[in-house]
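**Q** Fold the following.
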Amino acid sequence: MDVSFSVFDTLIDRSDMSSDKWSKYPENVIPMWVADMDFDSPDCIKKSLNQRVSKGVYGYTHTPKSLVKAIQSHLSTHYNWDVSSAHLVHLPGLVCALHLSVRVFSNEGDGIVVPGPVYYHLTKAPALSGRDLLNVDMVIDDGRWVPNMSQFEAACANPKSKMILLCNPHNPGGTVYTKAELLSIHALAKKYDLVVVSDEIHCDLILDNLSHVPFASLNKDASSRTITLMAPSKTFNIAGLGYAFAVIESAELRQVFNKERAGLIPSPNMLGLTAAVAAYEDGQEWHEALLVYLKGNRDLLVERLASTPLKMQHLEATYLAWIDASALSLDNPYQFFVDAGVGVSDGKDFGNSNYVRLNFGCPQSILDQAMTRIEEALIKHKFM
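**A** Here you go, the predicted structure:
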């Protein structure tokens, strides 16, 4: 492998970049919250961006055929999923598509089934549009976070239910749904005739020897009722460039989606398209090295947490650790971590205030420093 781990060990000063991640907390707090890694982007992306910027004309830009082919190749190679170019919808981001889908394929007062705790936009989308959130508890089964399936069926059977919002791999918790688990969810979607919106943005960040199965690829019925949302942004650390895509194989769903987005959601910008082509065409070696590095960070985190009262179930995917601080019996675990100098995400935003979410997509020296701060705070307050 040509990509050296020194790429990921390098400390990059982001203080002058108007970074959301690095401007939230005071300088004495290490930011480890939003899903934004602190790694240098692949050289192929920087090279492509520089070449495009050097041309000096930045007019309206449509999706290049090279990107369509790169996406098709990526989905076929990694997920054995053959997608027609006609089924792709190119977007400036995943979140807007998530919110739009809820508003387009359901009405006010309808029920939206969401397994959680989960990434907060999956619960915000129903709340902001006047829909009823029908929460399904994620429970621990053999060390993995999975939905309570009896609750899942009860929610789907609710006469109000119109849609399932799925997050796979799950954020937070890192579960990579098995094909059998997805088939069980599909059986409910089919039985109760529900649209499925599947947020699969972390599908390229699997840390174990597991396979991601796109929900829509399960069978013909699944493909006919699913809006799949994907992006290179988390994988290649290019979220600020604003590119995502939806796979909508149903002509009916796709037509309605495109009609309702017209005039509201713009096309992706030129630099986002350029970076996406480079990522999918030439970023494979960097991606493979990234996964090895992230796995090392995950394993370091597990090792350091083992000697503390903090707990974490096995994380199969993502670089977002879902840490259980309930043993500390604190009113505000989030503030405890911030006071310790580690700026995590507050678990209450995802659905459980006894947890925090920690982003370990950073140089290992930063993770080591953060864990030392956490350990010192636990000792100081006599939790260890």
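**Q** what residues are up against residue 204?
**A** 78, 212, 232, 234-235, 287 (CB atoms under 8 Å, 6 or more residues apart in numbering). Where you see a C-beta, it was placed from the backbone N, CA and C, and this is true even at glycine.
**Q** Switch those over to a markdown table; also include neighbour count, distance to residue 14 and secondary structure.
**A** As requested, the contacts of residue 204 are exported to a markdown table (neighbours: other CB atoms under 10 Å; distance: CB to CB, whole Å; DSSP: H, G, I helix; E, B strand; the rest coil):
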| residue | neighbour count | distance to residue 14 | secondary structure |
| --- | --- | --- | --- |
| 78 | 15 | 30 | helix |
| 212 | 19 | 30 | coil |
| 232 | 29 | 20 | coil |
| 234 | 23 | 17 | helix |
| 235 | 21 | 19 | helix |
| 287 | 17 | 22 | helix |
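**Q** Would you mind identifying the next helix or strand past the helix or strand of the chain with the lowest mean pLDDT?
**A** With mean pLDDT, DSSP states H and E as the measure, the helix or strand of the chain carrying the lowest mean pLDDT is helix 6-9 (a mean of 94). Past helix 6-9, further along toward the C-terminus, the next helix or strand under DSSP states H and E is helix 20-23.
**Q** which residues are contacting whatever helix or strand comes next after that following helix?
**A** Moving toward the C-terminus from helix 20-23, the next helix or strand (DSSP H and E) is strand 30-31. Outside of strand 30-31, the residues that reach it under the criterion CB under 8 Å, 6+ apart are 21-22, 24-25, 341-343, 366, 369-370, 373.
**Q** quick one, helices of the stretch 251-384 of the chain?
**A** 251-261, 270-282, 284-305, 333-339, 364-380 (DSSP state H, counting those that start in this stretch).
**Q** wait, residue 216 sits on residue 226?
**A** Yes - distance between residue 216 and residue 226: 4.0 Å, which falls inside the contact criterion (CB atoms under 8 Å).
**Q** Give the intersection of the neighbour lists for these two.
**A** 198, 249.
**Q** Tell me which other helices or strands the longest strand seen in the chain touches.
**A** Longest strand in the chain by number of residues (criterion: DSSP state E): strand 132-141. Packed against strand 132-141, as judged by 3 or more CB pairs under 8 Å, 6 or more residues apart in numbering; DSSP states H and E, are the following elements: strand 111-116, helix 121-128, strand 144-147, helix 149-157.
**Q** Save these as TSV, and put in mean pLDDT and mean neighbour count too.
**A** Supplementary listing: the helices and strands packed on strand 132-141 in TSV, determined by pLDDT from 0 to 100; neighbours: other CB atoms under 10 Å:
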stretch	mean pLDDT	mean neighbour count
strand 111-116	98	26
helix 121-128	98	19
strand 144-147	98	22
helix 149-157	98	17
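**Q** For residue 378, which of those is the nearest?
**A** The closest of the helices and strands packed on strand 132-141 to residue 378 is strand 144-147. By CB to CB, the value is 24.1 Å.
**Q** quick one: the closest one to chain centroid distance?
**A** Mean-position distance between strand 144-147 and its chain equals 16 Å (CA atoms, centre = their mean, to the nearest Å).
**Q** cool, stretch 326-333 as well?
**A** Using CA atoms, centre = their mean, we find the averaged C-alpha position of stretch 326-333 to lie 26 Å away from the chain's own average C-alpha position.
**Q** buried stuff in it?
**A** 330, 333 (16 or more other CB atoms under 10 Å).
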